[in-house]
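*Asks:* sequence-free structure coming up:
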């Protein structure tokens, strides 16, 4: 029995070493940093207890950042999931060119997020962007809109990009869910004389519930963690008025005159704690013990 | 009739998804002077594929490309070397700590390096590894490990034990069995793990942005943003470089599409 334990350690060793060194240790370093004070060049200057957390609560930008984060996550995830239901239904049917459409949907998923974000900065451009030109040509707007510079539109513009890049993964998860519904179920509904919409509402949707829950929880984690879109599209706005908890943390730590490692680490610990909550929800959702073991 | 309507809807969807990348490609083909015309034109007046050659000849771009290739290839190799034995052992053996190990792996999959970036920076700062390949390679390897373990485990578990027993009779050791019998039989799973790990490292941004500050140590994702700053606006070069970075990745991604959802949802969606 004892030999078996050592044997397992040998086979799992490389993975365990990686996880310990690059996931677990940084988490410890993060917690430690959140309890310390650092010079602007990053030199440790001693422990300060919960001081950084207290200062975090006093930051004038915090309320707006919390609201932004909630709006960003809720809007991107809810719209992505609802639109994906339709897209998956379409891609689940057979029609000429379906393979090509599925391939097209892969592009925003595979492309680097920073490159897609830069692309949208260009498309949203006030003077030279394709979006203003298109909307003016269609007479939907009378004059150009400064999508990324106007406080009223920048969050919506970022959310639209967030949805655009979340749709492929979400649609594929729903498609996998649809593939798991046996054909006899639909046959039975048809025999009972159910209309297409009734069948969808009373048969398909309930059977899709596990896949939808997975899509929602994983997207909440991904979108909460998302960095490049908000970082890039909100780039030229000063202050923290349109930041999420992730980009706010990054700016505190590495950008602007702040360079406040302790404060950023305190926010980092809060972010990690929130993700852990989501992970627990995910594990409950997929009843992990059964599925994984 | 219905199939035709679906086909039209499919075309509209594909068009909507690809339209932004069409703007990317067309902008990459415009000369500098045409970037700033009002109203903007979709198509270039004079097509300039030379932008792609200029990007490829740019020494900065060569540096970024080399860094991206080295980091993605090395981290992928580490992922496979670490994941294959773990996936094999957990697929074939029940032992104390197996569930705990798989749980740990699942948790790391949920954590992108983003939330931990301040801690990662502290660690590599203290180890004096800022601006080194090692830091970026190890970070990518650790966070892409989970996907590889899930995918490989599923493939290993589907291989009948009898094949292994036959290999053992023929005098294969256990590592030999894994390398010469199991892995070749799991090639689709191995390819999926390799491609996924490579693309994830290729696209990684936040850790590279934080750790790699020396210009010649930046990967593509970080480096190409210097084509458009507050001082210079070479959108055509930025997008030519982006197209070069995106096209191979989309092709590779399409190859593993079928296996992606299973790996990303950790066996919960069947």
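*Replies:* Great, that's in hand. Just so you know, these numbers come straight off a predicted model, no measurement behind them.

*Asks:* okay, CA-based contacts and neighbour counts for the rest of this
*Replies:* OK.

*Asks:* just how off-centre is stretch B:164-181 within its chain?
*Replies:* 32 Å (Cα atoms, centre = their mean, to the nearest Å).

*Asks:* name the residues of that stretch that come out as buried.
*Replies:* Residues of stretch B:164-181 classed as buried: B:164, B:167, B:172, B:177-178, B:181 (neighbour count, 16 or more other Cα atoms under 10 Å in any protein chain shown).

*Asks:* wait, which of those residues is closest to residue A:73?
*Replies:* residue B:178 (42.9 Å; Cα to Cα).

*Asks:* which SS state does that closest one fall under?
*Replies:* helix (DSSP: H, G, I helix; E, B strand; the rest coil).

*Asks:* could you do residue A:53 as well?
*Replies:* helix.

*Asks:* coming back round to it: in JSON lines: the buried residues of stretch B:164-181, plus distance to residue A:244 and pLDDT.
*Replies:* Converted to JSON lines, the buried residues of stretch B:164-181 look like this (distance: Cα to Cα, whole Å; pLDDT from 0 to 100):
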{"residue": "B:164", "distance to residue A:244": "51", "pLDDT": "82"}
{"residue": "B:167", "distance to residue A:244": "55", "pLDDT": "82"}
{"residue": "B:172", "distance to residue A:244": "55", "pLDDT": "80"}
{"residue": "B:177", "distance to residue A:244": "49", "pLDDT": "83"}
{"residue": "B:178", "distance to residue A:244": "46", "pLDDT": "81"}
{"residue": "B:181", "distance to residue A:244": "49", "pLDDT": "83"}
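
*Asks:* just the pLDDT at the closest residue to chain A within the stretch 101-250 of chain B, thanks.
*Replies:* Residue of the stretch 101-250 of chain B nearest chain A, by Cα to the nearest Cα: residue B:119 (4.1 Å). Looking at residue B:119, its pLDDT reads 93.

*Asks:* so who does it touch?
*Replies:* Counting by Cα atoms under 8 Å, 6 or more residues apart in numbering or on different chains, residue B:119 touches A:26-31, A:33, A:265.

*Asks:* in a helix, that's where it is, yeah?
*Replies:* Yes - the assignment for residue B:119 is a helix, going by three-state DSSP.

*Asks:* residue numbers of the stretch 51-200 of chain B in contact with chain A?
*Replies:* B:81-83, B:85-86, B:89, B:95-96, B:99, B:102, B:107-108, B:110-112, B:114-116, B:118-120, B:122-123, B:138-139, B:141-143, B:145, B:199 (Cα under 8 Å from any Cα of the partner chain).

*Asks:* using a markdown table, lay out the buried residues of stretch B:164-181 together with distance to residue A:104.
*Replies:* Below are the buried residues of stretch B:164-181 laid out as a markdown table (distance: Cα to Cα, whole Å):
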| residue | distance to residue A:104 |
| --- | --- |
| B:164 | 41 |
| B:167 | 43 |
| B:172 | 45 |
| B:177 | 40 |
| B:178 | 37 |
| B:181 | 36 |
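
*Asks:* can you give me the strands in chain B?
*Replies:* Counting by DSSP state E, no segments of chain B form strands.

*Asks:* and the helices in it?
*Replies:* B:2-28, B:50-57, B:59-92, B:98-110, B:117-126, B:133-157, B:161-169, B:174-177, B:183-185, B:187-203, B:206-211, B:220-223, B:235-264 (DSSP state H).
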